[in-house]
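Q: sharing a sequence plus its predicted fold:
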Amino acid sequence: MNRNFLIILIILLLSIFIIVGCTNSSSSVKILEKDNDVQNHVEFQTKDISLSNEQFKNFEQYANTGNEQLLKNLTPMEIFQYYYYAFQIEDMKTLYGLYVKGDIYGTPNWKEFQQKINQTDMNYLIELRDLQERIESFSQIKYDDKTSYIQINFKEDRNGKKESSWNFKLLKNSQGIWKMDWIPFE
């Protein structure tokens, strides 16, 4: 029973991971060659995005209080680590708190978010479970001073096929805090 529960939990978490803030892309982040402000370079790469003990304590403090100032000096990768961890433990309130808010971003209100997060597609979940095992690395890519991406790169499967990289966009809000960009549910 524990194994079935774990499999269902992994499937659910992966579906939220994809549905909530990920876009599938066959290439790296788009480069605007003529714009000198666009840097588009990998600032950081890791294979493990687990929270350190200190990050876990900070995450818990943010999750318990919702105090945005606790996020003030975090990097895009650290925000993504919080996001991914909130997703893993199904902390939807914290997950929602990590999205950039405002009419210009199209982020739904909390009630709409809760309704949309409960909509799942079983076929999608099965695919996600398989992809989770093939994550090769996470890269933080700086696009410009207010935009960054976390790119998830995958290993080849048994047949030599490699899944396209997925890019999560982060934006710096008016308070100078990195937040996840909202991706509408389809």
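A: Cool, the structure landed. Numbers count the residues shown, from 1 in each chain.
Q: what about this structure, any weak spots by pLDDT?
A: Where the chain drops to pLDDT under 70, the residues are 1-39, 117-130, 184-186.
Q: let me know the next secondary structure element after the longest strand along it.
A: Longest strand of the chain, by residue count under DSSP state E: strand 135-144. Per DSSP states H and E, the first helix or strand lying C-terminal to strand 135-144 is strand 147-154.
Q: who does that next one pair up with?
A: In the sheet, strand 147-154 lines up against strand 135-144 (antiparallel), strand 166-172 (antiparallel) (DSSP bridges).
Q: relative to residue 134, how far out is the closest residue to residue 146 other than its chain neighbours?
A: Closest residue in space to residue 146, ignoring its immediate chain neighbours: residue 172 at 4.4 Å, by C-beta to C-beta, 6 or more residues apart in numbering. The C-beta positions use only the backbone N, C-alpha and C, and glycine is treated the same way. Distance of residue 172 to residue 134, computed by C-beta to C-beta, to the nearest Å: 31 Å.
Q: how about the residue nearest to residue 146, what does it touch?
A: Applying C-beta atoms under 8 Å, 6 or more residues apart in numbering to residue 172 gives the contacts 145, 146, 147, 178, 179.
Q: out of these, which is nearest to residue 80?
A: Nearest to residue 80 among the contacts of residue 172, counting by C-beta to C-beta, is residue 178 at 8.7 Å.
Q: what about that closest one, distance to residue 72?
A: Applying C-beta to C-beta, the value for residue 178 to residue 72 is 9 Å.
Q: pick out whichever of those two has more residues nearby.
A: residue 178 (23 against 11; other C-beta atoms under 10 Å).
Q: surely that one is in contact with residue 71?
A: Yes. Using C-beta atoms under 8 Å, residue 178 is in contact with residue 71, at 7.3 Å.
Q: quickly list what's touching both of the two.
A: Residues touching both residue 178 and residue 71 by C-beta under 8 Å, 6+ apart: residue 79.
Q: any idea where the helices of this protein begin and end?
A: Ranges of helices within the chain are 2-21, 53-65, 76-88, 92-97, 110-117, 122-132, based on DSSP state H.
Q: buried residues in the fourth one?
A: By neighbour count on 16 or more other C-beta atoms under 10 Å, the buried set for helix 92-97 is 92, 94, 95, 96, 97.
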